[in-house]
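Enquirer: predicted structure and sequence below. I'll ask about it afterward.
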Amino acid sequence: MYKPIENYGLIGNMHSAALVAADGAIDWYCFPHFDSPSIFGAILDENKGGSFQIGPVDGAGRTQQFYWPETNVLVTRFFTPDGTAELIDFMPITVREPAPTRHWLIRYVTVTRGTMRLRVSCHPRFNYSREGHRTTINAHGATFSSSSLNLELSASVPLKPDGEGVSSECTLHEGHKATFIFRPGGDHGACSPSPSQDETHELLVSTITFWRKWLSSCTYRGRWRERVERSALVLKLLTFEPTGAIIAAPTTSLPEEIGGGRNWDYRYTWLRDAAFSLYALIRIGFNSESIRFMQWLSDRCRALESTRSLQIMYAADGSGDLSEEVLDHLEGYKQSRPVRIGNAAHQQFQLDIYGELMDSMYLHNKYSSPITYDFWTVLRNIADLVCERWQEPDRGVWEVRGEPQHFLYSKVMCWVALDRAIRLAVKRSFPSPLERWIETRDELYEDVMHSGWSSTRQAFTQSYGSEALDAANLIMPLVFFMAPNDPRFLSTLDAINTPISRGGLASGGLLYRYYNKDTQDGLAGQEATFNMCGFWLVEALTRAGRTSRPRLEEARLLFEKLLTHSNHLGLYSEETGTQGEALGNFPQAITHLALISAAYNLDLALDHASI
């Protein structure tokens, strides 16, 4: 049976990542990069996907899973009547060349009490289970060879053939250890010897040291330090080390609705996440990460010189071909088809990305490093492009696959693009057509206030001419479009924060991004509450709470409720279902970014109010 999405933890090496279930199964792992084809994919097809499991022979007993404090080293503890064992999963972090252990996945099991009979089962499936392989066993372990890859599992216990994979059963007594290393194979076709237990332990210690040293740069010391630090560790795991880009999630096609078709590939980097990423990272002290991500963004922006447009997302290495493909041979998580790789939304026209990009550049110039004149000319082109195209309809922040509309969020972000360009030009005395930008910015503002406001709903709506609400509009005071205590915004805030049964978007302390029946998004089915939007609501309430103590108290209560919707490890998926289950790709970077931002600003507000 498929395991709940929330039953997984994440390990990684900033090149790729793996999901480890609470029963000791690795059910998702792409090699060698986040968006490479999967090697273990049982989370998308329990029969065909392949997995790597370690646990008690009968699967009996209780389990407990936690991270080694202040690290991304995962510990799964098994309890049986006869004994207790701890499985440590990690990928060594190598920051220097040469890096022979870069793509190693290490599983290290120790019996800490009594005796335990363990079963090990490793069944890789190459290229999303589309490519066969040959299995060869020797005294050191097994080699799995396909036409494109050669991987091996070195083991400190004997392995035996098990279909196209291998398995083993072994009895370990208290203090005994077994080591399993899944890694690239050599050209000779035979599995290499395992490192000694001392060498493996040294890799564990060096990996723990790396994560703790990295986390020590975090400057957040507020009320929710542990949760903020865990979110920061998640973001670092989702960072592609060669470029500094942060991917949206390490998975593809985990459904927003069980049995539905809202299944997307999120193993890429969205430009719209840039402003949120830079803001969150800068606020808690990770300036070097923000600078590297900024360089990646700058390289993408320079594409405007030849293309006159930007994609909304790119691969973490910067490539732009994200052609979407359906894997018909996989049944999907709990029979949720289709399973997609690639993302056709990369070809959509979305105006909001220019506001998010310009806001990123503004933050970078203010807090990290002054931008150069040459790069200013690129940003000037972006502002000019917004002046030319802001009146066009687009697909919006939620990437609807229906007809383009005049989404209010997109118009607000066009205003942000020009506002930040004007601020940069004035602050740095850069040459610019200020008069045109100011005139267009002001026209945009008036347009939003006139066409985006519904006198019937007494709220800003999702798109011009619509009566639908949209949680994205909570961003208006966060980007300084309007005051958080403006009567129009407070009315919008209250409308959104009304239970969905009474026409709002709220549901038991969670928030839908929009109501499906009110929005023509071009997709069948329904979706669940959107975790990021809940944290946006916290921020909106926090800012409104500067002049209203009850709203600030509501923000704190809501934030602490939202913290209870993470999984046992503090990880968040994209959405939360009606029974508290995780839905959508997992874990979701932007949810953790929104958590950091909400925690930071709520903490400041509470300190100021002495609550």
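Expert: Arrived safely.
Enquirer: make it CA atoms for all contacts and neighbour counts henceforth
Expert: Fine.
Enquirer: strands of the stretch 101-250 of the chain, start to end?
Expert: Shown for the stretch 101-250 of the chain, the strands assigned by DSSP state E, counting those that start in this stretch span residues 105-123, 134-138, 141-145, 150-155, 160-162, 165-173, 177-184, 239-240, 245-246.
Enquirer: partners of the fifth one, with directions?
Expert: It refers to strand 160-162. According to DSSP bridges, strand 160-162 has the following sheet partners: strand 165-173 (antiparallel).
Enquirer: thinking again about what came up before, most tightly packed of the strands of the stretch 101-250 of the chain?
Expert: A comparison of the strands of the stretch 101-250 of the chain by mean neighbour count, using mean count of other C-alpha atoms under 10 Å, puts strand 245-246 on top with a mean of 30.
Enquirer: quick check: which ranges of the stretch 101-250 of the chain have low pLDDT?
Expert: In the predicted model of the stretch 101-250 of the chain, residues 188 satisfy pLDDT under 70.
Enquirer: how much space separates the spatially closest residue to residue 586 that is not a sequence neighbour from residue 8?
Expert: Of all residues not flanking residue 586 in the chain, residue 573 sits nearest, at 4.4 Å (C-alpha to C-alpha, 6 or more residues apart in numbering). Residue 573 sits at a distance of 10 Å from residue 8 (criterion: C-alpha to C-alpha, to the nearest Å).
Enquirer: more neighbours: these two, which one.
Expert: Neighbours around residue 573 and residue 8, counted as other C-alpha atoms under 10 Å, are more numerous at residue 573. The numbers are 28 against 25.
Enquirer: can I see the domain layout of the chain?
Expert: With domains defined by automatic domain parsing, the chain comprises 5-213, 222-609.
Enquirer: mind checking what secondary structure residue 27 has?
Expert: Residue 27 carries the three-state label strand when classified by DSSP: H, G, I helix; E, B strand; the rest coil.
Enquirer: so it sits against residue 43, correct?
Expert: Yes: with contact taken as C-alpha atoms under 8 Å, residue 27 and residue 43 are classed as touching, separated by 5.3 Å.
Enquirer: intersection of neighbour lists for the two?
Expert: residue 49 (C-alpha atoms under 8 Å, 6 or more residues apart in numbering).
Enquirer: pLDDT value on the residue nearest to residue 586, please?
Expert: Per-residue confidence at residue 573 stands at 97 (pLDDT).
Enquirer: got a list of what it touches?
Expert: With contact taken as C-alpha under 8 Å, 6+ apart, residue 573 is in contact with 6, 531, 566, 582-588, 591.
Enquirer: so residue 70 sits right up against residue 209, yeah?
Expert: No: contact criterion C-alpha under 8 Å: residue 70 and residue 209 do not qualify, at 9.6 Å.
Enquirer: compare these two (neighbour count), which wins?
Expert: For the pair residue 70 and residue 209, the greater number of neighbours falls to residue 70 (18 against 15), based on other C-alpha under 10 Å.
Enquirer: distance check, that one against residue 110.
Expert: Relative to residue 110, and taking C-alpha to C-alpha, residue 70 is found at 21 Å.
Enquirer: check the burial of residue 36 by counting its neighbours.
Expert: Residue 36 is surrounded by 15 other residues when neighbours are defined as other C-alpha under 10 Å.
Enquirer: that one against residue 30, yeah?
Expert: Yes: counting by C-alpha under 8 Å, residue 36 touches residue 30, with 5.4 Å between them.
Enquirer: all helices for the stretch 501-611 of the chain, in order.
Expert: For the stretch 501-611 of the chain, applying DSSP state H, counting those that start in this stretch gives helices covering 531-544, 549-563, 589-609.
Enquirer: minimum distance to residue 47: which of those helices has it?
Expert: Within these, the stretch nearest residue 47 is helix 589-609; the backing value is 28.9 Å (C-alpha to C-alpha).
Enquirer: which residue ranges of the stretch 451-600 of the chain form strands?
Expert: When assigned using DSSP E, counting those that start in this stretch, the strands of the stretch 451-600 of the chain occupy the ranges 453-454, 459-460, 506-507, 510-511, 529-530, 575-576, 582-583.
Enquirer: fine by me, thanks again.
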